[in-house]
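> Next one to model:
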Amino acid sequence: MSILMDSLNIIIIANEKGGVGKSLTALALIDRLSLNGHNPAVIQIDRQRRLANALGGNILTIGSDAKASRIDPALELRRFSPLLEKIEISAGNTPIIVDVGAGEVGRFAAWAALVDLEEELNDWQLKCHLVIPFLAEAEAIRQAAWTAERLRAAIPRALLYFAENRRDGSVAQLHPSSAAAGAIMEHLEPWNSEAQQLAIPAIPSGSWRCFEAANCRLIDIVDMSTVEVMRLTGLPRAEAKIVRGDVTQWLVTVFDEFDRTFCAEKI
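So this is what the prediction gives:
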(Lines give C-alpha, C1' and ligand atoms only; values in the text may rest on other atoms or scores of the structure.)
Protein backbone atom coordinates (compact mmCIF):
# COMPACT_ATOMS: atom_id res chain seq x y z
CA MET A 1 0.00 0.00 0.00
CA SER A 2 1.20 3.54 -0.78
CA ILE A 3 2.51 5.39 2.26
CA LEU A 4 0.15 8.22 1.32
CA MET A 5 -2.80 5.95 2.14
CA ASP A 6 -1.46 3.83 5.01
CA SER A 7 -1.41 5.00 8.63
CA LEU A 8 1.38 2.57 9.61
CA ASN A 9 4.24 4.80 8.51
CA ILE A 10 6.70 7.21 10.08
CA ILE A 11 8.39 9.64 7.70
CA ILE A 12 11.57 11.37 8.88
CA ILE A 13 12.60 14.44 6.86
CA ALA A 14 16.18 15.49 7.58
CA ASN A 15 19.40 17.08 6.39
CA GLU A 16 22.14 18.32 8.68
CA LYS A 17 22.41 21.47 6.52
CA GLY A 18 19.87 24.26 6.90
CA GLY A 19 17.96 26.00 4.13
CA VAL A 20 17.47 22.98 1.87
CA GLY A 21 13.66 22.86 2.06
CA LYS A 22 13.00 20.36 4.85
CA SER A 23 10.09 22.18 6.46
CA LEU A 24 8.53 23.08 3.09
CA THR A 25 8.74 19.43 2.03
CA ALA A 26 7.19 18.43 5.35
CA LEU A 27 4.34 20.94 4.91
CA ALA A 28 3.58 19.66 1.41
CA LEU A 29 3.65 16.03 2.55
CA ILE A 30 1.40 16.81 5.53
CA ASP A 31 -1.09 18.48 3.18
CA ARG A 32 -0.99 15.52 0.78
CA LEU A 33 -1.69 13.13 3.64
CA SER A 34 -4.47 15.40 4.90
CA LEU A 35 -6.19 15.32 1.51
CA ASN A 36 -6.17 11.52 1.78
CA GLY A 37 -8.15 11.77 5.02
CA HIS A 38 -5.28 11.55 7.52
CA ASN A 39 -4.50 13.88 10.39
CA PRO A 40 -0.75 13.27 10.63
CA ALA A 41 1.04 13.40 13.95
CA VAL A 42 3.78 16.01 13.50
CA ILE A 43 7.06 16.35 15.39
CA GLN A 44 9.64 19.05 14.68
CA ILE A 45 13.13 18.93 16.15
CA ASP A 46 14.07 22.56 15.67
CA ARG A 47 14.00 25.75 17.72
CA GLN A 48 12.32 27.72 14.92
CA ARG A 49 8.85 26.09 15.29
CA ARG A 50 7.99 26.60 11.62
CA LEU A 51 5.58 23.69 11.45
CA ALA A 52 3.83 24.65 14.69
CA ASN A 53 3.46 28.22 13.43
CA ALA A 54 1.99 27.09 10.11
CA LEU A 55 -0.17 24.21 11.31
CA GLY A 56 -1.13 25.18 14.87
CA GLY A 57 -2.77 22.38 16.80
CA ASN A 58 -1.00 19.62 18.64
CA ILE A 59 2.48 19.83 17.09
CA LEU A 60 5.33 18.51 19.23
CA THR A 61 8.34 20.83 18.93
CA ILE A 62 11.64 19.76 20.48
CA GLY A 63 14.06 22.67 20.71
CA SER A 64 17.80 22.36 21.11
CA ASP A 65 19.61 23.49 24.24
CA ALA A 66 23.23 24.42 23.59
CA LYS A 67 24.03 24.80 27.29
CA ALA A 68 22.68 21.34 28.11
CA SER A 69 24.91 19.73 25.48
CA ARG A 70 27.98 21.29 27.11
CA ILE A 71 27.00 20.67 30.73
CA ASP A 72 25.49 17.20 30.46
CA PRO A 73 25.41 15.38 27.07
CA ALA A 74 23.07 12.74 28.52
CA LEU A 75 20.58 15.46 29.45
CA GLU A 76 20.81 16.80 25.91
CA LEU A 77 19.81 13.40 24.51
CA ARG A 78 16.97 12.94 26.99
CA ARG A 79 15.15 15.92 25.50
CA PHE A 80 14.07 13.54 22.73
CA SER A 81 12.05 11.37 25.15
CA PRO A 82 8.69 13.07 24.35
CA LEU A 83 9.21 12.03 20.72
CA LEU A 84 8.98 8.35 21.61
CA GLU A 85 5.83 8.97 23.64
CA LYS A 86 4.23 10.84 20.72
CA ILE A 87 5.09 8.01 18.32
CA GLU A 88 3.64 5.39 20.67
CA ILE A 89 0.37 7.30 21.07
CA SER A 90 0.03 7.86 17.31
CA ALA A 91 1.25 4.46 16.06
CA GLY A 92 -1.38 2.71 13.97
CA ASN A 93 -3.82 5.60 14.17
CA THR A 94 -2.24 8.08 11.77
CA PRO A 95 0.97 8.63 9.80
CA ILE A 96 3.79 10.35 11.70
CA ILE A 97 5.98 13.13 10.28
CA VAL A 98 9.29 14.00 11.96
CA ASP A 99 11.14 17.10 10.71
CA VAL A 100 14.75 17.02 11.94
CA GLY A 101 16.27 20.51 11.83
CA ALA A 102 19.75 21.59 10.81
CA GLY A 103 22.44 20.60 13.29
CA GLU A 104 20.20 18.01 14.94
CA VAL A 105 20.80 14.90 12.83
CA GLY A 106 23.80 13.61 14.77
CA ARG A 107 22.12 14.00 18.16
CA PHE A 108 18.84 12.53 16.91
CA ALA A 109 20.66 9.55 15.36
CA ALA A 110 22.60 8.98 18.59
CA TRP A 111 19.37 9.02 20.57
CA ALA A 112 17.62 6.70 18.09
CA ALA A 113 20.45 4.18 18.43
CA LEU A 114 20.55 4.55 22.22
CA VAL A 115 16.85 3.73 22.65
CA ASP A 116 16.85 1.20 19.77
CA LEU A 117 14.16 3.15 17.95
CA GLU A 118 13.97 0.59 15.17
CA GLU A 119 12.95 -2.13 17.64
CA GLU A 120 10.16 0.09 18.93
CA LEU A 121 8.98 0.86 15.41
CA ASN A 122 8.90 -2.85 14.60
CA ASP A 123 6.87 -3.55 17.75
CA TRP A 124 4.37 -0.90 16.68
CA GLN A 125 4.39 -2.25 13.09
CA LEU A 126 5.56 1.10 11.72
CA LYS A 127 7.56 1.28 8.51
CA CYS A 128 10.18 4.03 8.56
CA HIS A 129 10.94 6.27 5.56
CA LEU A 130 13.86 8.72 5.45
CA VAL A 131 13.35 11.68 3.11
CA ILE A 132 16.49 13.80 2.66
CA PRO A 133 16.08 17.07 0.73
CA PHE A 134 19.17 18.67 -0.80
CA LEU A 135 20.11 21.52 -3.14
CA ALA A 136 22.34 21.27 -6.22
CA GLU A 137 25.35 22.59 -4.31
CA ALA A 138 28.31 20.74 -2.90
CA GLU A 139 27.84 21.21 0.85
CA ALA A 140 24.14 20.35 0.80
CA ILE A 141 24.96 17.18 -1.16
CA ARG A 142 27.73 16.16 1.25
CA GLN A 143 25.48 16.77 4.23
CA ALA A 144 22.67 14.78 2.59
CA ALA A 145 24.97 11.75 2.32
CA TRP A 146 26.22 12.27 5.90
CA THR A 147 22.61 12.42 7.08
CA ALA A 148 21.77 9.20 5.24
CA GLU A 149 24.77 7.44 6.79
CA ARG A 150 23.92 8.51 10.35
CA LEU A 151 20.21 7.76 10.16
CA ARG A 152 20.58 4.44 8.36
CA ALA A 153 23.15 3.37 10.96
CA ALA A 154 20.57 4.08 13.67
CA ILE A 155 17.53 2.76 11.74
CA PRO A 156 18.97 0.19 9.31
CA ARG A 157 15.68 -1.01 7.80
CA ALA A 158 14.41 2.46 6.93
CA LEU A 159 13.62 3.14 3.29
CA LEU A 160 15.63 6.01 1.84
CA TYR A 161 14.61 8.84 -0.50
CA PHE A 162 16.74 11.74 -1.75
CA ALA A 163 14.62 14.78 -2.60
CA GLU A 164 16.33 17.14 -5.04
CA ASN A 165 15.15 20.67 -4.28
CA ARG A 166 15.53 22.53 -7.59
CA ARG A 167 15.17 25.98 -6.04
CA ASP A 168 18.66 26.99 -7.17
CA GLY A 169 18.88 24.79 -10.25
CA SER A 170 18.89 21.08 -10.95
CA VAL A 171 21.56 18.40 -10.68
CA ALA A 172 21.11 17.64 -14.39
CA GLN A 173 22.29 21.16 -15.24
CA LEU A 174 25.50 21.02 -13.20
CA HIS A 175 28.76 21.43 -15.08
CA PRO A 176 30.60 18.07 -14.96
CA SER A 177 33.71 19.71 -13.47
CA SER A 178 31.83 21.61 -10.75
CA ALA A 179 32.27 20.84 -7.05
CA ALA A 180 28.57 19.98 -6.82
CA ALA A 181 28.78 17.46 -9.68
CA GLY A 182 31.82 15.91 -7.99
CA ALA A 183 29.92 15.70 -4.71
CA ILE A 184 27.05 13.91 -6.45
CA MET A 185 29.43 11.28 -7.86
CA GLU A 186 31.33 10.83 -4.61
CA HIS A 187 28.57 11.02 -2.03
CA LEU A 188 25.14 10.30 -3.54
CA GLU A 189 25.75 7.94 -6.44
CA PRO A 190 26.92 5.14 -4.07
CA TRP A 191 23.36 5.19 -2.66
CA ASN A 192 21.67 4.75 -6.06
CA SER A 193 21.02 1.05 -5.64
CA GLU A 194 19.02 1.50 -2.43
CA ALA A 195 17.62 5.03 -2.53
CA GLN A 196 14.72 6.42 -4.51
CA GLN A 197 14.83 9.88 -6.04
CA LEU A 198 12.22 12.61 -6.17
CA ALA A 199 12.31 16.18 -7.44
CA ILE A 200 10.94 19.26 -5.68
CA PRO A 201 10.53 22.06 -8.26
CA ALA A 202 11.26 25.71 -7.61
CA ILE A 203 8.34 28.02 -6.91
CA PRO A 204 8.51 30.64 -9.69
CA SER A 205 9.81 34.08 -8.75
CA GLY A 206 10.04 33.26 -5.08
CA SER A 207 6.26 33.47 -4.73
CA TRP A 208 6.33 31.35 -1.56
CA ARG A 209 8.29 33.91 0.46
CA CYS A 210 5.40 36.28 1.20
CA PHE A 211 3.23 33.38 2.37
CA GLU A 212 6.04 31.77 4.36
CA ALA A 213 6.56 35.01 6.29
CA ALA A 214 2.87 34.88 7.26
CA ASN A 215 3.17 31.22 8.40
CA CYS A 216 0.63 30.04 5.81
CA ARG A 217 -0.35 26.46 5.16
CA LEU A 218 -0.02 25.46 1.51
CA ILE A 219 -3.53 24.10 0.99
CA ASP A 220 -4.98 27.21 2.63
CA ILE A 221 -3.26 29.40 0.01
CA VAL A 222 -4.98 27.46 -2.77
CA ASP A 223 -8.40 28.32 -1.33
CA MET A 224 -7.69 32.00 -0.62
CA SER A 225 -9.63 34.65 -2.50
CA THR A 226 -7.68 37.30 -4.36
CA VAL A 227 -8.73 39.88 -1.77
CA GLU A 228 -7.43 37.66 1.05
CA VAL A 229 -4.08 37.26 -0.71
CA MET A 230 -3.87 41.03 -1.26
CA ARG A 231 -4.58 41.70 2.41
CA LEU A 232 -2.08 39.08 3.57
CA THR A 233 0.80 39.99 1.27
CA GLY A 234 0.24 43.67 0.57
CA LEU A 235 0.49 42.97 -3.17
CA PRO A 236 -1.74 44.58 -5.82
CA ARG A 237 -4.45 42.43 -7.39
CA ALA A 238 -2.54 41.17 -10.43
CA GLU A 239 0.56 40.19 -8.45
CA ALA A 240 -1.59 38.58 -5.74
CA LYS A 241 -3.24 36.34 -8.33
CA ILE A 242 0.15 35.44 -9.80
CA VAL A 243 1.78 34.38 -6.52
CA ARG A 244 -1.28 32.36 -5.49
CA GLY A 245 -1.25 30.66 -8.90
CA ASP A 246 2.47 29.93 -8.62
CA VAL A 247 2.07 28.26 -5.23
CA THR A 248 -0.99 26.31 -6.42
CA GLN A 249 0.77 24.98 -9.51
CA TRP A 250 3.85 24.10 -7.46
CA LEU A 251 1.72 22.16 -4.99
CA VAL A 252 -0.02 20.22 -7.76
CA THR A 253 3.37 19.30 -9.23
CA VAL A 254 4.78 18.23 -5.86
CA PHE A 255 1.69 16.15 -5.08
CA ASP A 256 2.13 14.37 -8.43
CA GLU A 257 5.78 13.70 -7.53
CA PHE A 258 4.78 12.30 -4.14
CA ASP A 259 2.20 10.06 -5.80
CA ARG A 260 4.76 8.81 -8.30
CA THR A 261 7.48 8.17 -5.72
CA PHE A 262 5.37 6.67 -2.98
CA CYS A 263 3.12 4.52 -5.15
CA ALA A 264 2.39 0.96 -4.01
CA GLU A 265 4.62 -0.72 -6.60
CA LYS A 266 7.75 0.96 -5.19
CA ILE A 267 7.14 0.47 -1.48
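> make it CA atoms for all contacts and neighbour counts henceforth
OK.
> Phi first, then psi, for Asp46.
With angles defined as degrees, to the nearest 10, Asp46 sits at phi -170, psi 140.
> Next one: it from Leu60, what distance?
10 Å (Cα to Cα, to the nearest Å).
> Next: Ala54.
In terms of Cα to Cα, Ala54 sits 13 Å off from Leu60.
> what comes up buried for the biggest helix by length in the chain?
The longest helix of the chain (DSSP state H) is helix 237-261. By 16 or more other Cα atoms under 10 Å, the buried positions in helix 237-261 come out as 239-241, 243-248, 250-251, 254-255, 257-258, 261.
> and what of stretch 83-92?
83, 86-87, 90-92.
> related to what we said a few turns ago, how far is the longest helix of the chain from where the chain is centred?
Between the centre of helix 237-261 and the centre of its chain there are 18 Å (Cα atoms, centre = their mean, to the nearest Å).
> just stretch 93-110 next, same as before
9 Å.
> That one: end-to-end distance?
Start to finish, the residues bounding stretch 93-110 are 27 Å apart (Cα to Cα).
> What mean pLDDT does it get?
Confidence for stretch 93-110, expressed as mean pLDDT, is 94.
> From the rest of the structure, what touches that stretch?
By Cα atoms under 8 Å, 6 or more residues apart in numbering, the residues outside stretch 93-110 that reach it are 6-18, 22-23, 26, 30, 38-46, 64, 77, 80, 87, 90, 147, 150-151, 153-154.
> Which ones among those map onto strands?
Those of the contacts of stretch 93-110 mapping onto strands are 9-14, 41-45, per DSSP state E.
> In a markdown table: those residues, plus distance to Asn192, neighbour count and pLDDT.
Below are those laid out as a markdown table (distance: Cα to Cα, whole Å; neighbours: other Cα atoms under 10 Å; pLDDT from 0 to 100):
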| residue | distance to Asn192 | neighbour count | pLDDT |
| --- | --- | --- | --- |
| Asn9 | 23 | 24 | 95 |
| Ile10 | 22 | 25 | 97 |
| Ile11 | 20 | 22 | 97 |
| Ile12 | 19 | 22 | 98 |
| Ile13 | 19 | 24 | 98 |
| Ala14 | 18 | 31 | 98 |
| Ala41 | 30 | 21 | 96 |
| Val42 | 29 | 27 | 97 |
| Ile43 | 28 | 24 | 97 |
| Gln44 | 28 | 25 | 96 |
| Ile45 | 28 | 23 | 94 |
